[in-house]
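Participant: Turn this into a structure:
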Amino acid sequence: MLNKIGRLFVIKTRWEAFLIIYALALGAVERGSVYLTRFPGFGGQLLFLACTGAVFMAGGKILDCLRHEQTLAAAIGPAVNDNGAVVAAPVDERKQA
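Facilitator: Just a heads-up that it's a prediction; the model follows:
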């Protein structure tokens, strides 16, 4: 049962990754705007830039890891657990683009 719930928190497609990155960006801009009001001037702008820059780094890492996992799954083939169920089937990136 916990495995089924755990699979909900796994990013499987680029579409899901972009939704996660969008949500991170919304939160970062909201936090950055709080920094701008709390710390007016150059310090607040630097903190705002740090918040949004972190989203760019995290988004790039998410997309790179997703591509790596998909190519690895395609190279290895489907993984089968002890029950005989397929755990990770290869995903074709051409269908997602």
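Participant: need the helices for this protein, in chain order.
Facilitator: Under the criterion DSSP state H, the chain contains helices at 2-7, 14-38, 42-76, 93-96.
Participant: Show the average pLDDT along the third one.
Facilitator: When the per-residue pLDDT values of helix 42-76 are averaged, the result is 91.
Participant: and that helix, what does it pack onto?
Facilitator: helix 14-38 (3 or more Cβ pairs under 8 Å, 6 or more residues apart in numbering; DSSP states H and E). All C-beta atoms are positioned from the backbone trio N, CA, C, and that covers glycine.
Participant: Pull out the buried residues from the helix it packs on.
Facilitator: Neighbour counts using 16 or more other Cβ atoms under 10 Å place 14, 17, 21, 24-25, 28, 31-32, 35 of helix 14-38 among the buried residues.
Participant: which helices and strands sit right next to that helix?
Facilitator: helix 42-76, helix 93-96.
Participant: try 7 Å
Facilitator: helix 42-76 (3 or more Cβ pairs under 7 Å, 6 or more residues apart in numbering; DSSP states H and E).
Participant: Go through the helix it packs on and flag the buried ones.
Facilitator: Result for helix 42-76 [16+ other Cβ under 10 Å]: buried residues 44, 47-48, 51, 55, 59, 62, 66, 70, 73.
Participant: how far out from the middle of the chain is that helix?
Facilitator: 7 Å (Cα atoms, centre = their mean, to the nearest Å).
Participant: Report the angle between it and helix 14-38.
Facilitator: 170 degrees (axes from the mean of the first three to the mean of the last three Cα atoms, to 10 degrees).
Participant: Name all residues that make contact with residue 38.
Facilitator: residue 44 (Cβ atoms under 7 Å, 6 or more residues apart in numbering).
Participant: Reformat the buried residues of helix 14-38 as TSV; add distance to residue 6 and pLDDT.
Facilitator: Listed next are the buried residues of helix 14-38 as TSV, based on distance: Cβ to Cβ, whole Å; pLDDT from 0 to 100:
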residue	distance to residue 6	pLDDT
14	21	91
17	18	93
21	21	95
24	21	95
25	26	96
28	26	95
31	28	95
32	32	94
35	34	94
